[in-house]
Structure formats: structure tokens, C-alpha cells
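K.L.:
Would you be able to build a 3D model of this:
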Amino acid sequence: MSVRQPRLLSILLICVSWSAHADDVVYERDVRPILKAHCFHCHGEEGVKEANLDLRLAKFIFQGGDSGPSIVAGMAVDSVLVDRIESGEMPPEDKTLSRLEIEIIRKWIDQGARTASPEPGSISEQYFTEEESRFWAFQPIVKPELPILDTRRELSSPVDYFVLTKLHSQRLEFSDRAPRATLIRRLSFDLLGLPPTAEAIEQFVNDDSPDAYEQLVDRLLASPQYGERWGRHWLDVAGYADSEGYTDADPERDSAFAYRDYVIKAFNDNMPYDQFVIEQLAGDELTKRPFENLSEDAKRRLIATGFMRMAPDGTGSGGVDQMVARNETIADSINIMTTSLLGLTVGCARCHNHRYDPISQEDYYRLRAILAPALDWQVWQTPEQRKISLYSQKDRELKAAIEARAQLATEKRQQVIDQHLDRTLYEELIKAPDDLKEPLRLAYKTASGDRTADQAALLKEHPYIQNISAGSLYLYSRQRSRRANDIEAIANQREQDAVAVVKEKYLAGLEDESLRSVLQEVLKIAEAQRSAEQKNILADHKQLFVTAESLAEFNAEEAQLVADYRQAAEVCRTTDAKKEMDDLQKDIDAIRDEIPSEYFIRALTEPENHQPVTYLFKRGNHSSPADEPTLPGEMEILDSKVSVTIAENNPDLPTTGRRLAYARHLTSDRHPLLARVMVNRIWYHHFGRAFLNSLGDFGQLGERPTHPQLLDWLSREFIESGWDIKHLHRLILNSHTYQQKSDRSAVLDEMDPDNRLYARQSVRRLESEIVRDAVIAVSGQANNSMFGEAVSVMEDGVGQIVLGKENLDGERKPIKGDGLGADEHRRSIYVQVRRSRPLAVLEAFDVPSVAPNCTRRTDSNVAPQALLLMNSDFIVKYAELFAGYVRQNGGESSSEQISYAWQRAYGQQISYDALTELSDFLTVQKQELLRADRALKSEDADEIVLAMLCQALFASNQFIYVD
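P.N.:
All right, here's what the predicted structure looks like:
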């Protein structure tokens, strides 16, 4: 909550407070809150007393300042304070009082400017009035007796006694119980965030056992999807995100998903809420150090402290003022902690005393001192430095053994690469002139740093030798057919040349020149045309009959070389070096895949023996610390109710123990806020409105509870049950209050238009994630795998955020998203939460901005939602998948498919009228398609119009709202 409160809201609350006592203005209740909100910062707080005027006590107002007494009891018209306020001279323009506020002050003075209680002789910065002390939220939780009712109605839960008593006070009654099909859909979305299956609906509707409804509640509470649904609610208030925020870059936050999974498991395991809170605030202080060879319990406790690491954090980014970024992260962490657990806007006291609630700036820094050993702005860890490995010694030993095997396989692969390099070198040297073969071979084999200038120049002249390397083997391998042909051509040419040389050498060696001449002439004659005499002449000279086959008889060395070349050509042609190297690399990768994954968590921890001193920052400026340190402790208003001592250091722990002491204080059965806040939140998620809708603000600016006795009864029952959340669900869900119809009536609309009395159930729109999950589930594509890394998001070509693994070009612009496979159909709780990049389909339906958290979601009904349902690629895609699922499972006829689609989308049987109307719709749309495209086949048109129908079902209110 920002420091500046909404002006209209503050005026409205003052109006409500005063109107109830219009004839009796009380200083503590009516006047002091106005002065505190508008005037104390200049007249009393932090030693500031402009014109020597202190307005914090009525007696100080009478004393006045440089201008003398500020008021004259009974005479507002003669009071300087009123004159200055009405003239606009004070307070400053941005804090001017409304006419109502001025009237309240005038009336108080005219009535004698009295106080309800005696005032102290002096005042500290932490002073609060008796009126503030009596504020309802700070009172102990006392379990009231169940009201006595005069009714014949059978009430199924203690909840009903309180609700019906209030209804009777307004001469109203409960509405009737909703039909079973409505109840199972309501329960399924409330507890699982998913539509019920047709089988589940049929089983419940036809179950005639007296406790069929209670059994259904138990089944749903036992479902793994319960933790996903209710874990999402908690992640809102925890400010869960998979990115750091703070800067525009919004870098990804590795391993945040471990905390998300912890929350889901905690709800599924029905972890007692007190344990849940303690582990999140101080799980590390319950864990033995060093954080090695951790048990599953120890891992869980450390992961839980991710709650205190959820705040936006820019300290790992460059270009930020580190001191500012660190203090902002601490401030956001305090905001998350106090709004989620205490329902108080403590953050408003960061720079000055809270303008509306009895929370001093000193109180704020007491809480900060509790966190200081772990969140020390002067001894800071960046996000990367906070990682804690979950590897055990056993994991490390196993990794070493597997890595040793992988290394042996790597060495084997290298040997094969060396063999291929030698072979390729030999093959390429065949192309070189004979006199350069050996120099080239020696130059290549010489290390580049040891080569002579001549060797370097020689290789440069013959790049086909110089370029041979492990990296280029893939290229040489792809060209093996062409290279083999080249080698064979060289072998053939050498062979021809060798045969010619044998003949030439023989003739040149004859001493009888006339014989040489005769032989040369005979050889010019074709063999078939030679005479017998000519043949006889040649017969005595076998060297002249040499052929490729007989070359070895006359030149064995050259014949062997030709044979070697031909063998090299064959090896070159048939050897796929690329495949062999790739196969060996796959073997290496397969070995390394056996290495257990090393997961890191982002826990809140504090160094051993680290006891930083905390100072109040004047005006919230870290450059202006107070002179005296602030000790850790509870806020004064709460400490006055439940006294607690937070020691600076617990000698029995390796840590200071401050957070653990504070967490145990919060979860004691005496704390006035923790149980109330959680009970109020759970009630809200079952009814769409809470006892007080200001879920994160139980202070003066928050609402007052509609059913304070019921809130306290449930809160005390919650504590007495061992902080059992599922017990709380059962109390609420088994009540008639919850099971009512949602039908409106003229009487209820007139007497209780906002359904604050619960004379009916409220119609509620599904949250953004549940809209998406329901679409996927109904289309038959749901991937129900749980836990693990987040499904990544990316920006598509038109700037929308969609699912996908991002590829960027050189200008950091998206090219194309890699496919996600089945991950595309996972539940929304597993989709990456990027603070600056919400998924488009979720953003349209009010997915919260976690800055730093969200205590209550906006629930809008705006045109972009309808446009998305009509035009979104996501909706169109899943409508087509839904249609395919219907064709496959819904029967052959059009009416069967319509009925099946209706049942899956709405969880109820289709009426005759609706079936007729939709059948006509399909017929008309098909005719239009065939008329527009005469080449379109009838069966293709059927598929298109069925997809259109499925999209219409998705876009309907009946789909995205729950009765």
C-alpha cells in the first residue's frame, strides 16, 4: 500500500464513523484521525513543530503556538485553527481538508473540545489513544457462543447459526439449496479450479446416501489439484514470481519454482497453518548447519523461506543504485509479510508514523530489525549468491563416478577422431604433387606455434590440408562421395601413366634402333589389323603388352600405390565420420544424463554470529539514520495486547533466532490477527466476498467485518483445530450458507444488493488462470503433471506474451518459439510468472501484478475479455481441439455432439430448446460456408462449424461464471 491513501476512501470512512454519532463528536474517534492524517507531519511528528504548534494532543491544541491558543472551547468561530483551515492556509494544498472534515472539527470545538479519556502529560512517537487501542482488529479472539435461533430449518454447520441470525435481524431467510449439478460445479471450481467431469457429476447427482455431499467435499479436498488451486491463492499474497522485477529487464529468477511446489504440497498435505507460517518466516533457523546432506524435511524448511525472497529484487542488475535497491527489496519483503499474515499496511510507516493506524515508524523498524540478520542492507547477497545447492555427498560421489565413465567415453571418441583425422590427411595428400606430399604432411603434423615460415606458407597454399581439423571432419564427411571420386580419378590416371612409362622405358632401353623403329610402327597398328609376322615380332617383347592388371609385374611399387589409392577411395566413400562421432557423443551424453540434477533453492538465511544494528531512517532515507539503534520487537499496539520479547540473539541457535521467535509469537493462540486474516481470506475465496473485503488491510481504512462474531468463532475454531485449513473448508462448505442457490430477487436486491448478509450464494467469474485451465480441460488436452520448472513465455511477432521458448535475432527481436509439446497444456500455476510479461490470455482476465504482492484480485467485466474470447489464437486453437475431442467421443450425430459439448462445457444436460437452437445454428453456418466456398467438402464444413460452436461455448457467461 502506498504512503498516500486514497483521498475519497479516507473521507468516506470518516463520514461513516461520524454519521453514526452525528450528535456526539469524540476527539479520539473523530477528530484526531483527521489531524493525524493531515497535520501531524508538520505539527508534532519527528520533533517538527512549525510555528511551535503541536497538534498531537487536545491539550497541545489548546496551548497553541506562536499565534497563541489554537482553539476556544465552545467557540469554533473564534478559533485560530478553524480560521487557518478554512482559509486554506493550512495544511498544504496536497493535504487540504474536506468540508466534512472541517465540519467535524468545528462541531467538536463548539461542543466544548472534550476528550473521551484523560491525556498523558507528554507524548512519544509511539503514542496511541484508548480509542485506537480498542479498535476491533487488535482485540483478543474470543469464541462466542452459538446464537439461539427460532427456526425449523435444519442447520448443517455452526456457520449457519451466525449467518441466519443476521438474516433474521433483517427479516430475511436463506435461499433454497442449489441443485446437485450446480453444487458439484461450484465445489469443483472452488476446491480444484477445474470443471467436474461428466462421470463425477453423474455419480454425485445419483448418489442417494445421506452424506453424499460431505463425501464429495472430502474427495475434492483429497485431490492433488486442491493444492494447485489453493496454492495459487497463497502465491498471490506471497508475491510469487519467476522474475526479479525492479528493472525493465526483469531478469528471470532461477529455481523460484521450488517455493511454488512447496506451497502446493503444503496445502495438499494439509500442513497446519502455524507450521506453514513458521517455516516460511524462519525455516532456516530450524535447520541444522551446514546446509549439506539435507534431509527431505530440512530441504522443505529451507525452500519454505523462499516466501521472504519473493519481493522484487534489482540488486543483481547493473546500473542500479545498490543501496536504494537493497532497501526497496527489504521494504517490499516487509510489505509482503505484514499484508499477507497480519492484514496491516505496515509499509505506510516506513517514512513516518502511519497516518491512520496506530503504527509508528519505530514499530516499522522494530519489524525490520527482526529481519535484519538475514536482510542486512550493508552485508548483502545478490540473488545469484543466495543459491543453496540441494546436492548431497551421495549425489556428489555418484556424479564423480558417472563423470569418470563419461571421461573414458570421451577419450575413446577422441581416439576415433584422431583416426579420422589421419585418414582424412592421407586422403587429401593424394591430391598433392608427389614432391610436396611429405613436406605437407610434416607441416600439418607440426604444432602451429612450431611451424617454420616455409611450412606455414606451404599450408596456406594448400588449404585442403590446412583446414583438416576435428571441427571440419563433419564437412569432409558430408563431401565423402565427391572426394572418393576424386581419389579414384587420381588412381586411374597414375595407373595409365605407369603403364605408358613401362612401355616407354622398354623401348628406350633397346640398343637396336632399327628394331625400336619397327616395334614403334607395329604398335601404331591396331591389334586386329596386325599380320602374323607383325604379331611374331611383338611376341618376344612382353613389356609392350603391359596392362593395368599386369602392371605389378613391371612396377610393383606404383601398382601398390594405385591399389592403396583405390582402397582409400573406398574407405572414404563408405566411412561416415559424422555419424560415428555423433553416435559416440550420444553415448557420452547418455552417460552424463545419469547424473542426478543439481537443484538450487533461493532461501532466506543469515550468517552465523551476525547481529547487525538497525537504525530508524528519518523520512525513510537510508542516508539519514537516527542516532539511537532500534531493537527487534512487535508493534507497540500489538505488544500491548500480547506482550512478547524478541531477543537480539538466541545463544542456543547458530542464528540470532529473531525470526523464529517472531514466527512463534504470531502463531501463538493469543495473537489477534493471524487467524482472523487467514479465515477472512478463505471465506472470501468461497463466497467472492469476505467478512471484510479489504483482505490486506484490517486497519482504519479497511472495511469493518459484516459478521464479526462469525469471524471470531471461525478464527478461534481454526486455532483450536490445530490450524487445520481443511477443517475450516469443511465448516464453510458443509453449511447451508454455502450451498444456497444464487438466484436474485427484487427483495434481496433492494435490502442486500451486494449480498453482504449471504441470503444467497454469489455468482462469481472464474479467475484468469482458471479460465485458461477450464478451456484446456474441457478440450480434452489437459496435462496434469505436477511440479517442476515453469513453462516459459515469450513475445510473439505482434507483441503478445504467449507460451514458448524464445529465440531472438541479432537485434533481440523474436524469431520463432520452439515447441513446448505437452507442456503447452499444463495448468496455469506452472506457467512462468514474469512481472513485466503476463501471459496475454491471463492478463485480459485480471491476472495480478505482483508489485510486490496481491492481497485481493481485481474482478472486472470489460470488453477486452469478450474480444479475447472471440479472437484469441489461444481460444480458436482450443475450440478446434475441443471440436476434435467431441467428434471422437461425442457420438456420430450432430445432436449427440452438441449435447456432449454442452455437458463438458457447462456440467449439465442440455435442454430441448437449447439443443434445437444450436442444431439450427450449425445448419445455418454450414450452409453459409458451403455457399461462400463451393469447393469446400461437406465433412470439412461440419468440422468448422462444430469448432465455431465450441468457441461460442467458451465465450459464454455460463462457461466463465460459476453459480
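
K.L.:
Just want the most central residue of this protein.
P.N.:
The C-alpha lying nearest the average C-alpha coordinate of the chain belongs to residue 833 (Cα atoms, centre = their mean; 3.1 Å).

K.L.:
and the gap between it and residue 850?
P.N.:
Distance check for residue 833 against residue 850: by Cβ to Cβ, to the nearest Å, it reads 7 Å. (Glycine included, C-beta is placed from N, CA and C.)

K.L.:
Give the residues shared as contacts by these two.
P.N.:
Common neighbours of residue 833 and residue 850 (criterion: Cβ atoms under 8 Å, 6 or more residues apart in numbering): 240, 241.

K.L.:
what's the helix or strand for residue 444?
P.N.:
According to DSSP states H and E, residue 444 maps onto helix 434-445.

K.L.:
ranges for the helices of the stretch 501-650 of the chain?
P.N.:
With DSSP state H, counting those that start in this stretch as the criterion, the stretch 501-650 of the chain has helices at 513-523, 532-539, 551-554, 556-574, 577-592, 636-639.

K.L.:
on contacts alone, who are the packing partners of the first one?
P.N.:
So that's helix 513-523. helix 480-508, helix 532-539 (3 or more Cβ pairs under 8 Å, 6 or more residues apart in numbering; DSSP states H and E).

K.L.:
which strand is the longest one in this protein?
P.N.:
If you go by DSSP state E, the chain has its longest strand at strand 625-630.

K.L.:
Report the buried residues of that one.
P.N.:
Neighbour-count burial for strand 625-630 flags 625, 630 (criterion: 16 or more other Cβ atoms under 10 Å).

K.L.:
max-length helix in this structure?
P.N.:
Ranked by residue count and defined by DSSP state H, the top helix of the chain is helix 393-429.

K.L.:
Identify the residue nearest residue 61 in space, chain neighbours excluded?
P.N.:
Nearest non-adjacent residue to residue 61, counting by Cβ to Cβ, 6 or more residues apart in numbering: residue 70, 5.0 Å away.

K.L.:
any idea of the pLDDT on that neighbour?
P.N.:
As predicted, residue 70 sits at a pLDDT of 85.

K.L.:
What are the phi and psi values at it?
P.N.:
The phi/psi pair for residue 70 (degrees, to the nearest 10) reads phi -80, psi -30.

K.L.:
Need the CA coordinates for the helix or strand containing residue 267. PDB is fine.
P.N.:
Using DSSP H and E, residue 267 sits within helix 257-268. The C-alpha trace of helix 257-268 is given here as PDB (Å, rounded to 0.1, in the frame of the first residue of the first chain):
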ATOM      1  CA  PHE A 257       9.500 -22.900  -8.700                       C
ATOM      2  CA  ALA A 258      10.800 -24.800  -5.700                       C
ATOM      3  CA  TYR A 259       8.800 -22.500  -3.400                       C
ATOM      4  CA  ARG A 260       5.700 -22.800  -5.600                       C
ATOM      5  CA  ASP A 261       5.900 -26.500  -5.400                       C
ATOM      6  CA  TYR A 262       6.400 -26.300  -1.600                       C
ATOM      7  CA  VAL A 263       3.200 -24.300  -1.300                       C
ATOM      8  CA  ILE A 264       1.200 -26.800  -3.400                       C
ATOM      9  CA  LYS A 265       2.500 -29.700  -1.400                       C
ATOM     10  CA  ALA A 266       1.800 -27.900   1.900                       C
ATOM     11  CA  PHE A 267      -1.900 -27.400   1.000                       C
ATOM     12  CA  ASN A 268      -2.200 -30.900  -0.300                       C
END
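
K.L.:
Beyond it, next helix or strand please.
P.N.:
Using DSSP H and E, the helix or strand that directly follows helix 257-268 along the chain is helix 273-282.

K.L.:
Pick the most buried one from the helices and strands packed on helix 513-523.
P.N.:
Burial of those is given as mean neighbour count (mean count of other Cβ atoms under 10 Å); helix 480-508 ranks first at a mean of 16.

K.L.:
just checking, what packs against it?
P.N.:
helix 513-523, helix 551-554, helix 556-574.

K.L.:
could these go into CSV alongside distance to residue 382, mean pLDDT and mean neighbour count?
P.N.:
Listed next are the helices and strands packed on helix 480-508 as CSV, based on distance: least, Cβ to Cβ, whole Å; pLDDT from 0 to 100; neighbours: other Cβ atoms under 10 Å:
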stretch, distance to residue 382, mean pLDDT, mean neighbour count
helix 513-523, 90, 82, 14
helix 551-554, 76, 84, 17
helix 556-574, 55, 88, 16
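
K.L.:
can you tell me which residues contact the closest residue in space to residue 666 that isn't next to it in sequence?
P.N.:
Leaving aside its chain neighbours, residue 666 sits nearest to residue 674 (5.0 Å; criterion: Cβ to Cβ, 6+ apart). Residues near residue 674 by Cβ under 8 Å, 6+ apart: 277, 341, 342, 666, 667.
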